[in-house]
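Colleague: Just a sequence and a predicted model for now, questions to come.
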Amino acid sequence: MQAVILAAGKGKRMGNLTLDTPKPLLKYKDKSLLHWKIDNLPDIIDEVILVVGYLGENIKKIFGDIYQNKKIYYVQDQEIRGTGKALWQARDLLKGNFLVMMGDDLYSKEAFLNASAETWSLTVKKVPRENNSSRIELDEHGKLKNFITAEKYREKYNDEGYAFTGLYTLNQDVFKYPLVKMKKKEEWGLPQTLLQAIPKIDIKILETDFWKQITTPEDLK
């Protein structure tokens with residue numbers, strides 16, 4: 001099975017920390033964010049596709065072609081125009097089911113293992129109402145309805161909700177759907193694109209109790 005790690009962004013909100021280092025190589029404790037991720041992948045993942053952009057050569061020098069008995073492939077994201085565009089640039093390397101995840105966030109081994117057992121899934125974490133992470137919205141049957149901002153979630157709901165962690169299980173069939181452009185950005189979003197598939201596929205919602213979103217230097221601390 002394959003895993004795609006979206007690691008092309010510039011990490012502007014990390015300030016001086018990313019002047020000479022791509023954000024996925026920033027260290028938490030004794031390892032980079034990217035090492036934590038790949039080290040936690042289950043054995044069923046035997047190929048990792050790294051979508052790189054900003055200072056991508058630094059990542060290639062460290063991980064090479066083989067790491068932890070997993071074959072490593074690299075795709076250069078020339079545009080950096082959203083998660084949808086990033087994944088689509090790796091489509092020719094993908095087959096069957098595969099995981100997709102963010103290059104900077106931290107996930108647990110259990111979350112990866114659970115996701116790798118599914119055909120279509122989103123991994124979520126229950127968060128307090130005041131949390132600022134983006135949410136998923138579920139219908140009356142507990143199925144995915146929409147992806148919404150934390151602000152919009154708080155306008156509609158008074159209770160805690162599920163933050164989307166950016167960890168997906170997808171199938172090659174996702175490429176049958178056209179990329180969807182985000183309304184206020186020159187970016188094409190993977191969540192927005194995936195919503196088109198809801199009527200035809202059953203996307204399982206998997207809950208995790210561990211997810212660390214790394215957005216600012218304070219998050220890393």
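Modeller: Ah, there it is. Residues are numbered from 1 along each chain as shown.
Colleague: Identify the single longest strand in this structure, thanks.
Modeller: strand 161-171 (DSSP state E).
Colleague: partner strands of it, parallel or antiparallel?
Modeller: strand 97-102 (antiparallel), strand 121-127 (antiparallel), strand 135-138 (antiparallel) (DSSP bridges).
Colleague: Tell me the buried residues in the helix or strand following the shortest one?
Modeller: Heading C-terminal from strand 135-138, the first helix or strand you meet, by DSSP states H and E, is strand 144-148. Of the residues in strand 144-148, those buried under the neighbour-count criterion (16 or more other Cβ atoms under 10 Å) are 144, 147-148. Just so you know, the C-beta spots here come from the backbone N, C-alpha and C atoms, and that holds for glycine as well.
Colleague: How about stretch 203-211?
Modeller: Result for stretch 203-211 [16+ other Cβ under 10 Å]: buried residues 203-204, 206, 208, 211.
Colleague: can I get those in a markdown table with secondary structure?
Modeller: Output for these, formatted as a markdown table (DSSP: H, G, I helix; E, B strand; the rest coil):
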| residue | secondary structure |
| --- | --- |
| 203 | coil |
| 204 | strand |
| 206 | strand |
| 208 | coil |
| 211 | strand |
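Colleague: of all those, which comes closest to residue 74?
Modeller: residue 211 (25.6 Å; Cβ to Cβ).
Colleague: list the contacts for that closest one?
Modeller: Contact analysis of residue 211 by Cβ atoms under 8 Å, 6 or more residues apart in numbering lists 105-108, 111, 123, 125, 163, 165, 167.
Colleague: In JSON lines, list the residues you listed along with neighbour count, pLDDT and distance to residue 63.
Modeller: Listed next are the contacts of residue 211 as JSON lines, based on neighbours: other Cβ atoms under 10 Å; pLDDT from 0 to 100; distance: Cβ to Cβ, whole Å:
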{"residue": "105", "neighbour count": "19", "pLDDT": "95", "distance to residue 63": "18"}
{"residue": "106", "neighbour count": "18", "pLDDT": "97", "distance to residue 63": "17"}
{"residue": "107", "neighbour count": "24", "pLDDT": "98", "distance to residue 63": "18"}
{"residue": "108", "neighbour count": "16", "pLDDT": "97", "distance to residue 63": "21"}
{"residue": "111", "neighbour count": "23", "pLDDT": "98", "distance to residue 63": "21"}
{"residue": "123", "neighbour count": "26", "pLDDT": "98", "distance to residue 63": "23"}
{"residue": "125", "neighbour count": "22", "pLDDT": "98", "distance to residue 63": "27"}
{"residue": "163", "neighbour count": "21", "pLDDT": "97", "distance to residue 63": "28"}
{"residue": "165", "neighbour count": "27", "pLDDT": "98", "distance to residue 63": "23"}
{"residue": "167", "neighbour count": "25", "pLDDT": "98", "distance to residue 63": "20"}
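Colleague: Residue 218 and residue 9, how far apart?
Modeller: Residue 218 sits 18 Å away from residue 9, going by Cβ to Cβ, to the nearest Å.
Colleague: Could I get the contacting residues of the residue with the largest distance to the centre of the chain?
Modeller: Outermost residue of the chain with respect to the C-alpha centroid, by Cα atoms, centre = their mean, is residue 158; its distance is 27.1 Å. Residues in contact with residue 158 (Cβ under 8 Å, 6+ apart) are residue 129.
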